[in-house]
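In: got a sequence here, can you build the structure:
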Amino acid sequence: MSAAEAAAATDPVDRTLAALADPARRRVVELLRERPRRAGELAAELAVSPSVMSRHLKVLRDNDVVEDANPEFDARVRIYSLRAGATAGLRSWLDAVEQGWTEQLAALKAHVEAGDR
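Out: Okay, here's the model as predicted:
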């Protein structure tokens, strides 16, 4: 792994985008937005095998998008939920990009209007 790849692998924005790149994982996030769920519930909703769901949940967990907990009533059960603040870095980056875009469009508008005079 190159230094650039290693740096990208630790960047929170890159990690979040990588975790959400798959449509199935985005659907998992949408479902968990409604309420926490067991892996089996998520697999049934997406019509995938438990092993496929396990791989998706591992990616989401490893990239800090979801977290899991064992309920007191059964330590064998894992309940998945969204991790608080998981998209904060991505949201901040998007806000900065949008601000730059807005500033560039305003500068272009001013330039075009100045040329019309």
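In: check the gap between A43 and A110 for me.
Out: According to C-beta to C-beta, to the nearest Å, A43 and A110 sit 54 Å apart. (Glycine included, C-beta is placed from N, CA and C.)
In: which one of the two is surrounded by more residues?
Out: A direct count of neighbours by other C-beta atoms under 10 Å for A43 and A110 places A43 higher, at 20 against 10.
In: contacting residues around that one?
Out: By C-beta atoms under 8 Å, 6 or more residues apart in numbering, the contact set of A43 is 49-50, 52-53.
In: residues of the top helix by length along the chain that come out buried?
Out: Ranked by number of residues, the top helix in the chain under DSSP state H is helix 88-115. Residues of helix 88-115 classed as buried: 89-90, 93 (neighbour count, 16 or more other C-beta atoms under 10 Å).
In: cool, and stretch 50-69?
Out: Neighbour count says stretch 50-69 has 53, 56-57, 59-61, 63-68 buried, by 16+ other C-beta under 10 Å.
In: check those residues and tell me the two furthest apart.
Out: By the measure C-beta to C-beta, M53 and D64 form the most distant pair in the buried residues of stretch 50-69, at 18.5 Å.
In: so which bits of stretch 26-36 are buried?
Out: Buried residues in stretch 26-36 (16+ other C-beta under 10 Å): 28-29, 31-32, 36.
In: adding distance to R83 and secondary structure, write those out as JSON lines.
Out: Output for the buried residues of stretch 26-36, formatted as JSON lines (distance: C-beta to C-beta, whole Å; DSSP: H, G, I helix; E, B strand; the rest coil):
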{"residue": "V28", "distance to R83": "13", "secondary structure": "helix"}
{"residue": "V29", "distance to R83": "10", "secondary structure": "helix"}
{"residue": "L31", "distance to R83": "15", "secondary structure": "helix"}
{"residue": "L32", "distance to R83": "10", "secondary structure": "helix"}
{"residue": "P36", "distance to R83": "11", "secondary structure": "coil"}
